[in-house]
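Q: need coordinates for the below:
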Amino acid sequence: MNTPNTYKISFLVLCLLLIICFFANISLGSASIPNSGILKTLIGNTENSFWKNIIIDYRLPKAFTAVIVGSGLGISGLMVQTLFRNPLAGPFVLGITSGASLGVAIVTMGASLFGGVLAGIFISQWSLVIAATLGSFLVLMAVLIVSIKVRDTMAILIIGLMFASITSAVVSVLSYFSSADNLQQFIFWGFGSLGNLSWNELLILFVLYTIGIFLSILSIKTLNTLLLGENYAKSLGVNLKKSRLIIIIATSLLAGTITAFTGPIAFIGLAIPHITRQVFNTSNHKILLPAVFIIGAIVMLICDSIAQLPNSDLTLPINAITSLVGAPIVIWLLVRKRKMMF
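A: Okay, here's the model as predicted:
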């Protein structure tokens, strides 16, 4: 049985591992930069403008994005799994990711329907981010309206999946009538990418991400009571309708914002909570939440380091790497433990 001292040691090890993975991530890339050059660049003591541009303008934002994506999707997955008491639930079950995909599909594959001038206006630097955000927001509003009117939590889960099915159907129709170039653009967005954000875009992502993290921290007590069922939570005086709204908003902020800026990232939101439960052998969200934060960031940094193929100009789709690296880990942990913590 784990003790408080054991948890402290585990968190210390994970924090050190996070720092190592972060530094390794900014050390790897198509351009070979010595560790001494990276340290000098980070402390602002280098005159090499080439190294400075690569590390400060590209690798550092990408590494911070990986931390935000891994921790944010992991925490949103943890909250959704606890809310619906479903180990197969992830951020996608509320239809938020599908809504973002629909927004991007309308811009990339539907802009040509409005003519060349309007299409040129729609396809701009911020168009995909804005479209994905609006798509996620519209689905979120629909889910929130349903959650106010429906008392059954499982009904909200099913309705969220139905919203996802509807948006996926519309995307399929747009794909069918789309040109090859527009379809390719949408497919590339669907691969996910961590390296396309500037510092200004990263700042906006971080602000919205911070709000989502704050709401998730406020929900820790509620999440622990929900582990024993909604009736038990009611007996402790928990306002289920209000708490459910806060959890859904927090999940949607994290998953929707991350998807809008980086594209849909598979596996992380579903698997990181399970990895964390197996490692820490607990269901207490006071332990799980910060642990998911750190482990999610570590896994995402490792996956991104693999995806960028060190010393190569090629970059593999991050979606493929997260599943190829993470799925065997989850299978191994479950086989070794012989049971699923929940």
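Q: wait, doesn't Gly195 sit right on Asp57?
A: No - under the criterion of CB atoms under 8 Å, Gly195 is not in contact with Asp57, lying 10.7 Å apart. In short, each C-beta sits where N, CA and C put it, glycine included.
Q: secondary structure element for Arg151, which one?
A: Under the criterion DSSP states H and E, no helix or strand holds Arg151.
Q: got the contact list for it?
A: Listed by CB atoms under 8 Å, 6 or more residues apart in numbering, the contact partners of Arg151 are Lys241.
Q: what do you get for Val143?
A: Contact partners of Val143, counting by CB under 8 Å, 6+ apart, are 94-96, 156, 159-160, 163, 248, 252.
Q: ok, back up a step: Gly195 and Asp57 - which one has more neighbours?
A: Each of Gly195 and Asp57 has its neighbours counted (other CB atoms under 10 Å); Gly195 has more, 18 against 12.
Q: returning to that earlier point: need the max-distance pair from the contacts of Val143.
A: Maximum pairwise distance among the contacts of Val143 (CB to CB): 14.1 Å, between Ile159 and Ser252.
Q: when these two are compared, which one has more neighbours?
A: Neighbour count, other CB under 10 Å: between Ile159 and Ser252, Ser252 has more, with 24 against 18.
Q: touching, the more buried one and Gly95? I think so.
A: No - taking CB under 8 Å as the definition, Ser252 is not a contact partner of Gly95, at 9.6 Å.
Q: could you measure from Ile187 over to Pro91?
A: For Ile187, the distance to Pro91 (CB to CB, to the nearest Å) stands at 21 Å.
Q: more neighbours: which of the two?
A: Between Ile187 and Pro91, counted using other CB under 10 Å, the more crowded position is Pro91 (28 against 12).
Q: with just CA atoms, put the helix or strand harbouring Met141 into PDB.
A: Secondary structure assigned from DSSP H and E places Met141 in helix 127-149. Extracted in PDB, the C-alpha atoms of helix 127-149 (Å, rounded to 0.1, in the frame of the first residue of the first chain):
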ATOM      1  CA  SER A 127      -9.000  30.500 -39.900                       C
ATOM      2  CA  LEU A 128      -8.500  26.900 -38.800                       C
ATOM      3  CA  VAL A 129      -8.100  27.900 -35.200                       C
ATOM      4  CA  ILE A 130     -11.200  30.100 -35.200                       C
ATOM      5  CA  ALA A 131     -13.200  27.500 -37.100                       C
ATOM      6  CA  ALA A 132     -12.200  24.700 -34.800                       C
ATOM      7  CA  THR A 133     -13.000  26.900 -31.700                       C
ATOM      8  CA  LEU A 134     -16.400  27.800 -33.100                       C
ATOM      9  CA  GLY A 135     -17.200  24.200 -33.900                       C
ATOM     10  CA  SER A 136     -16.200  23.100 -30.400                       C
ATOM     11  CA  PHE A 137     -18.100  25.900 -28.800                       C
ATOM     12  CA  LEU A 138     -21.300  25.100 -30.700                       C
ATOM     13  CA  VAL A 139     -21.200  21.500 -29.700                       C
ATOM     14  CA  LEU A 140     -20.400  22.500 -26.100                       C
ATOM     15  CA  MET A 141     -23.400  24.800 -26.000                       C
ATOM     16  CA  ALA A 142     -25.600  21.900 -27.200                       C
ATOM     17  CA  VAL A 143     -24.200  19.500 -24.600                       C
ATOM     18  CA  LEU A 144     -24.700  22.100 -21.800                       C
ATOM     19  CA  ILE A 145     -28.300  22.700 -22.800                       C
ATOM     20  CA  VAL A 146     -28.900  18.900 -22.800                       C
ATOM     21  CA  SER A 147     -27.100  18.500 -19.400                       C
ATOM     22  CA  ILE A 148     -29.400  21.100 -17.800                       C
ATOM     23  CA  LYS A 149     -32.500  19.400 -19.100                       C
END
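Q: list the buried residues of that helix.
A: The neighbour-count check on helix 127-149 (16 or more other CB atoms under 10 Å) flags 127-140, 142-144, 146-147 as buried.
Q: ok, now stretch 274-286?
A: Within stretch 274-286, the residues scored as buried using 16+ other CB under 10 Å are 274-278, 280, 282, 285.
Q: repeat for stretch 192-199
A: The neighbour-count check on stretch 192-199 (16+ other CB under 10 Å) flags 192-197 as buried.
Q: with stretch 198-205 instead?
A: Buried residues in stretch 198-205 (16+ other CB under 10 Å): 201-202, 204-205.
Q: from those, which is closest to Ser243?
A: Using CB to CB, those come closest to Ser243 at Leu205, 26.1 Å.
Q: okay, helices next: where are they in the stretch 101-250 of the chain?
A: With helices called from DSSP state H, counting those that start in this stretch, the stretch 101-250 of the chain shows them at 116-122, 127-149, 153-177, 180-191, 199-218, 220-226, 230-235, 240-262.
Q: just those: most buried one?
A: helix 240-262 (a mean of 23; mean count of other CB atoms under 10 Å).
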